[in-house]
Every structure is written in C-alpha cells, then in structure tokens.
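1. Starting from these lines, generate the structure:
(chains A, B and C)
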Amino acid sequence: MSDHLARLNPEQRESVETIDGPLLVLAGAGTGKTRVLTTRFAHILLTRRAFPSQVLAVTFTNKAAREMRERVAAILGQPADGLWLGTFHALAARMLRRHAELAGLTPSFSILDTDDQLRVLKQLMEAERLDLKRFAPQALMAIIQRWKDRGLTPARITPAEDSDFVNGRAKILYAAYQDRLRTLNACDFGDLLLHVTEILRAHPDVLAEYHRRFRYILVDEYQDTNLVQYLWLRLLAQGHQNICCVGDDDQSIYSWRGAEVENILRFEKDFTNATIIRLERNYRSTEQILAAASGLIAHNTGRLGKTLRPGRNDATGDKIKIVSLWDSDEEARMVGERIETLRRSGHAASEMAILVRANAQTRAFEERLITLGIPYKVIGGLRFYERQEIRDAVAYARVLNQPSDDLAFERIINLPRRGIGDQGLRAMHERARERAIPLTAAALSLADDGSLRGKVRDAVRTLMTGFDRWRAGIIREGHVTTMAIMLDESGYMDMWKQDKSVEAPGRIENLKEFVRALADFDSIGGFLEHVALVMDNEQNAEGDRVNMMTLHAAKGLEFDTVFLPGWEEGLFPSQRTMDESGVKGLEEERRLAYVGLTRARQRAIVSHAANRRIYANWQSSIPSRFIDEIPAEYVEIETAGSLQRERMIRAPSFTSQFPMAARRPQVIENWEKPARPARTDGIPVGTRVFHQKFGYGMVTACEDDKLDIDFEKAGTKRVLDRFVERA
DNA sequence: AGTGGGACGCTTTTT
DNA sequence: GCGTCCCACT
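-> Coordinates of the predicted model:
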C-alpha cells in the first residue's frame, strides 16, 4: 500500500500523510508540488478515507485538471470517474447547474463570453445615454469583473468599494447588468463563483449537503486564488476542515485577474491549527539555474521566505546565457539557429520552449521557425473556441439549445447576411421589451404583423422555421447530424465556402472539427458547457514540436531548454504594469521572470533586442533590469558574432553597457527600421542588397559610405550603406 | 436601409 | 499592423 509513498522525500511524504485538518504546503518551483497533490489524492482513496466522489480537487487550468486526473488514475490503476476534479470555474458551473433556481436561473443557463458581456454592457450604457468614447464599456467590464472577483454582488458594494467610473454610476450599471443577465438566463465567468458562493451563504441546507459530500478538499496553485474563490473554499471547508492548499507566493502572477497572495497569509488565520510544510528541494533544474532564479527573486520584498535547494546531485550545468541582438528579427534568427543546433545534436524539439511576455511576440518566432522548417506549437493564444467561426457556430448551437438566448441570436441573425441591419434589430428589441419576450419571438411577431416586409420578412421566417425544424431534428437524427444540417441549411457554411480569403478553408476545417467534437457529448447543452469552460487549443499537440507560449501559460510546465526572449525594459517588465501597479506590479513581473527561469531543466537562454517594432514603428529599448539582477556568477554573456557585437556597442541608442542609464524605451521617430551604425566592411560592387523602401538591388558603385544601387523595382538610387542589408 | 471603404486606436497576462 | 468604428455610397 505504501508503494505510492516510496518515492517521496520526507517533506513530501509528510504533506501526503498529514490528512486531517488544514494543511498549507508552500512548494517552491520544481519541488514536486503536483506529485504531492496527486499522491495525496490517491492516498486518501487507497486508505479508504473517502470515496472518489467525496474529494473535491480544484485546479486553475484545464490542463492541470486533466493531468491530475490522469495521474490519479495511474496510481489507482483504473480510470478515475465520478470525481469532483476540475477548474474553479468548471466545478462552480457544475454546482450552479444543480441549484440554478436559487440564483434566479434555470439549469440550462448560458455561459457568456467576453463578446456577449461587452454587448450587454454597451446596450445598457447606450440606454443610459452615456458617451461610449468617454466611458469605455471595457473599463466598466473590468470594474464589474473585479467586484465579482472580490465576491461583491451589487448589494454588497459598500461606498468604500464603489468606483467613481461613469460619475459614480458603475454600481447602478452593475445591478442593471446582473438583472439583464438573469433575464437572459445567462451567466458570465465571474458569476459562476459569485452565484455559488451567494447560494452557499444564503442556504445552510445546501451548504450542509456539500459538507456531507466533500470530506477532503485539495487546492492547486493556491497563491492565484482570488477572494470569491477563497470564500467558496472556506465555506466548503468549514465543516471538517480537511483542506489542503498547495502554492508558492513566488509564483503568484495573476493579481491583475484579482488573485490575492494574501490568501496564503489568511489561511493561517482562518484555519486555526493549520499545519504548514515547506517544500524546498528542487529536482528539476541545474544548480546554476536555481542559483540564478533565487538571486533574481531575492530582489522582491515581503516574501514568505523559501530557499530552493538543489535536490539532485548531478552536474551543476551551464550558466544562464544572455544574448544581445540588434532587433527582433535577429533575435528570432538566433533562437532558430540554436534550436537547429540542439536538434542536430539529438535534442527533441518538444523539450524546448520559447516563453514570451505577450502573445504578440510569438509571431516573429513562428515566421522564423516556419522558414527553417522546425515544427512548433503555440500553446494558449487564440483558443479554439475563441475563433470567430467557432463562436458563430456556438451561437447557432446556443439558439438551438435555448431560443431565449438573445445574445447568441443577435450574433447570427445577420450571419450570413440576411438583410437585417440596425433598424431591423432595433425594431426587434423594441417589440421584445414591450411584450417581455425573447428576440426570436419578437422577430417572428414582427414578420407576422407586417412590420417586416419582403426579403427581410422571408429571411426571418426561413430562419425561424429552420430552428423549429432543427430542434425537432435533434430527436430524429441526433445532435451531431442536426448541427451539421443547421450550419448547412442556415447558409453559414456557404458563407465561408464563398469567401475567397486565405483563412476561409481553415475556418471550414475548424467548423468540421467542431461538429466532430460534438460527437463526444450526448447533448448540445453538455457540449456548450465544454466549449465555454474547457475547450482549449490542443490541435497540433502531437509530434515532436517546439513549444511556444506566454510566461503565464508556462507555469507548471518544464523543459530541458528554455528561451526567454524580449527581456527589455518596457516589454519585460511591462511598462504598463509598472505604470498601473508601481512596485507591486514590478514585483509581479519579477515573479514572472522567476517562473520563466525555473521552467528550465538544463539550460536557459535569455535575450534582448536593441530595436523592436511596436505597432507600426520601431522602438529602441535597453536590456531589462532583470538581466542585471541575476547574480553575475551564474550568467554568461554570449558574444553573438564579433561583427554583430561591435555594431551593438557602437549603436547610439544602445545602452546595455550602462545598465543604470535611462530605463524608459525611446520611440524612434522615423518609420523605417532603425539603421545600423556605419559598417566597417564596405559592401563591394556586385553585391545584392535589400533596402527597406526600395527593395532588392545590385550595388553598381561604392564611394565611402555611399552606394549606387540599381534597384529591381525602384531604378537607380544613391543611398547610404547603413540603410541596406546584404540580401 | 445595408454594405463597404477608410480612419483611428491600441493590446500584457486568462478561467 | 490589425481589428473596430464611422461615414459615405448604393
């Protein structure tokens, strides 16, 4: 029986075997956090302390949930079914479906995406005659989201918690928004936890039911919980107090989403007699990487204090490599070359990762890897269900599933074009409001009483009879076939078939995949839940591929080789974060850097470029302060080609040699790519060159730093050599 | 009334 | 460089 405990170190083992009472495990990066959690789960089951359905296990990401499910199944030797194991949101949704009526909803409520939320808010703000230019609906959405993160229903907002946005009307708009959602029988993401927490607070009988059900609670990534999530956990753990939270304050990187590291401190206060165990032995990274990461994170104040110690005795490993590049293209080239070299010496692509600060950065690397023919996958970024065509198809499914889903209906009423525009929609809204009926019914009523005429009326009738027919078809032909028929008969598929853009074929493929995925579910409702909460972009997952993702998405993962590009002031740490959240923001960025470094098992390559294109123009930037903060003895500055380096040093805007120089990036006025400094290697006559404005050409004469070039498109010109590159 | 072209603004990070 | 919003055109 103690088989599963055998491979644990003493602290890990203690974390697994301290079963009763509250337990907080402070687990540093790579100290076997996931192993502890899954082993603990299995231990509870194997020692027959609880049935699988009596354990509540909460993670942040679907990936983590999937992994834990697999690992538990592996330890148990059988598929772990009937578990309450999932993300906060998925579990909350499951609870809310069971008690929907207590929140004024029916069990078939829709879960809205950001688009829908924004549309509702916009409508409400327009109704209030607010100037949407001055008051951005996005800003209101963020405020409401933050309230929800803090467990605040409109009624719970105290004057101190109120916002002065839209002249203090934010709270009123929030209340109106919640009312509107209830009418729509819908929920946004934040509502899932908010409603459930409210239900548990107001209905002791429901709470007691869950107390009976859940004998043990396990929580992953505890440092990233926000206040509602904390309240929810605390309510559920109230009875037996058997709650185990695993987290690392140094890896708290979601405060912008409402996460509160303070929840870690609160734990000891709210759960008296809590045991606290620290996991500090790192089994993942080399000593060099550990020391570098520790040195970096030591610059943060107010840490709970944990020191990572190497847990294995093999080689100390390479130092962190720091590479300076001229611009982002060169950076992508450098990374591509190193990946090629590593692969040639037998390293698997899937053991390498490029971790970026912002999603937009992946593009340069994608382009480069495509050119080099290196397989890669982008993790995160645009999720499958975030694609336009999938959202449209989902909207069709939502109307099919729930005819009163006005938001979904609004999305597809004129998609494909049916000649219904602003006016038509406005009339429908009016009728819907007058008679308190859904938009679908309003549309029909307008068609029937002659308010809509001709083409428009026919279009509305065709669509509505279509929905009736498809709804009936579910029973006859099943939901999968019906979905395919609906996308076909509604003209939606044709819309993309006639679209001549390059993306269209891919979209049609995605739609087919969408229909295929439906087969894994026994109802459209179940499928919609999955799409809203779970479905992620794992399509190119198979095969040996280089991983590309944001630093946020990388948390919890590990790779032999990690590339950390874009370590520049303004980009990383992000200027925006520092402007908005000051030192707190900077420290969170630093934790992000720490997360990045500690993903690496063998080697980490940090790079920064002197010039980067942001929006349309070029920006010159200096190396990130984080580079200076890694203790020098664990760092190796790479000389990326002598010529290159000389240019770097002499580049006027480049101040890497003076780390204390001005931190803010400068915007370069001209629109062209910044010129490299004059080169010492004259470009000989006959060289094929490339110029940003004039394109490709041949050098016909050379005088000092001036070149006569015969351009293929632009004719003969005389230009300075620093404006051209060898082609 | 609906559609399409041009101007503008701007993006961190995610369930 | 891209998506969104507004205005002019059909």
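
2. where does the residue in the stretch 101-250 of chain A that DNA strand B sits nearest to fall, phi/psi-wise?
-> Residue of the stretch 101-250 of chain A nearest DNA strand B, by C-beta to the nearest atom of the strand: A:F189 (4.5 Å). From N, CA and C alone the C-beta is placed, and that goes for glycine too. When read as degrees, to the nearest 10, the backbone of A:F189 gives phi -60, psi -40.

3. Excluding chain neighbours, give the residue nearest to it in space.
-> Leaving out its chain neighbours, the residue that sits closest to A:F189 by C-beta to C-beta, 6 or more residues apart in numbering is A:H89, at 6.2 Å.

4. next structured bit after the biggest helix by length in chain A?
-> With DSSP state H applied, the helix covering the greatest number of residues in chain A is identified as helix A:454-489. Beyond helix A:454-489 in the direction of the C-terminus, DSSP states H and E gives the next helix or strand as helix A:492-497.

5. if you look at that following helix, does any of it touch DNA strand B?
-> No. Figure legend: helix A:492-497 not in contact with DNA strand B (C-beta under 7 Å from any atom of the strand); closest approach 11.2 Å.

6. Return the distance of that helix from the chain's centre.
-> Averaging C-alpha positions (C-alpha atoms, centre = their mean, to the nearest Å) puts helix A:492-497 30 Å from its chain's average.

7. Likewise for stretch A:433-444?
-> 37 Å.

8. can you pull the pLDDT of A:L528?
-> On the pLDDT scale, A:L528 is placed at 87.

9. For it, which residues are in contact?
-> For A:L528, the contacting residues are A:110-111, A:394, A:397-398, A:401, by C-beta atoms under 8 Å, 6 or more residues apart in numbering.

10. What strand or helix carries it?
-> Using DSSP H and E, the element containing A:L528 is helix A:524-533.

11. could you dump that helix to CSV, C-alpha only?
-> Extracted C-alpha coordinates of helix A:524-533, given in CSV (Å, rounded to 0.1, in the frame of the first residue of the first chain):
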residue,chain,number,x,y,z
ILE,A,524,-25.8,20.1,-27.1
GLY,A,525,-26.0,21.5,-23.7
GLY,A,526,-23.2,19.4,-22.4
PHE,A,527,-21.1,20.3,-25.4
LEU,A,528,-21.7,24.0,-24.9
GLU,A,529,-20.6,23.7,-21.3
HIS,A,530,-17.4,22.1,-22.5
VAL,A,531,-16.8,24.8,-25.1
ALA,A,532,-17.3,27.6,-22.7
LEU,A,533,-15.2,26.2,-19.9
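
12. Look up how far DNA strand C lies from the residue lying closest to A:W470 once chain neighbours are set aside.
-> Counting by C-beta to C-beta, 6+ apart, A:M486 is the residue found nearest to A:W470 once chain neighbours are left out, at 4.6 Å. The span separating A:M486 from DNA strand C equals 24 Å under the rule C-beta to the nearest atom of the strand, to the nearest Å.

13. Centre of the chain to the helix holding A:L528, how far?
-> Counting by C-alpha atoms, centre = their mean, helix A:524-533 comes out at 19 Å from the chain centroid.

14. My guess is A:R688 contacts A:T700. True?
-> No. Contact criterion C-beta atoms under 8 Å: A:R688 and A:T700 do not qualify, at 11.6 Å.

15. Could you tell me which residues of the stretch 51-200 of chain A lie near DNA strand C?
-> Counting by C-beta under 7 Å from any atom of the strand, the residues of the stretch 51-200 of chain A that sit close to DNA strand C are A:132-133.

16. about what we covered before: in the helix holding A:L528, what counts as buried?
-> A:524-525, A:527-533 (16 or more other C-beta atoms under 10 Å).

17. For DNA strand B, state which of these is nearest.
-> A:L533 (6.2 Å).

18. Grab the nearest non-local neighbour of that closest one.
-> Counting by C-beta to C-beta, 6+ apart, the residue nearest A:L533 is A:A90, at 4.8 Å.

19. orientation of the host helix or strand of the one you found relative to helix A:524-533 in degrees?
-> Assigned by DSSP H and E, A:A90 belongs to helix A:88-98. Here helix A:88-98 points in a direction 150 degrees away from that of helix A:524-533 (axes from the mean of the first three to the mean of the last three C-alpha atoms, to 10 degrees).

20. Residues contacting helix A:88-98, please?
-> Taking contacts as C-beta under 8 Å, 6+ apart, the residues outside helix A:88-98 that touch it are A:56, A:58-60, A:62, A:65, A:84, A:86, A:103, A:105, A:107, A:109, A:111, A:187, A:189, A:192-193, A:195-196, A:199, A:210, A:225, A:229, A:232, A:529, A:532-534.

21. So which of these sit within strands?
-> The strands in this structure, assigned by DSSP state E, contain A:56, A:58-59, A:84, A:86, A:111, A:187 from the contacts of helix A:88-98.

22. Who wins on neighbours among those residues?
-> Ranked by neighbour count (other C-beta atoms under 10 Å), the ones in strands among the contacts of helix A:88-98 have A:V58 at the top, with 28 neighbours.

23. isn't that one right up against A:G86?
-> Yes. Distance between A:V58 and A:G86: 7.3 Å, which falls inside the contact criterion (C-beta under 8 Å).

24. Pick out the residue of the stretch 251-400 of chain A closest to DNA strand B.
-> Among the residues of the stretch 251-400 of chain A, A:N359 lies nearest to DNA strand B; the distance is 3.1 Å by C-beta to the nearest atom of the strand.

25. re earlier: following the helix holding A:L528, which helix or strand comes up?
-> Scanning the chain past helix A:524-533 towards its C-terminal end, the next helix or strand to appear is strand A:546-550 (assignment: DSSP H and E).

26. Turn the ones in strands among the contacts of helix A:88-98 into a markdown table, columns for pLDDT and distance to A:N167.
-> Conversion of the ones in strands among the contacts of helix A:88-98 to a markdown table gives the following (pLDDT from 0 to 100; distance: C-beta to C-beta, whole Å):
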| residue | pLDDT | distance to A:N167 |
| --- | --- | --- |
| A:L56 | 95 | 43 |
| A:V58 | 95 | 39 |
| A:T59 | 92 | 41 |
| A:W84 | 93 | 44 |
| A:G86 | 92 | 41 |
| A:I111 | 89 | 31 |
| A:C187 | 91 | 28 |
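
27. Between the residues you listed, which sits nearest A:E636?
-> The closest of those to A:E636 turns out to be A:T59 (C-beta to C-beta; 36.8 Å).

28. Thanks a lot, see you next time.
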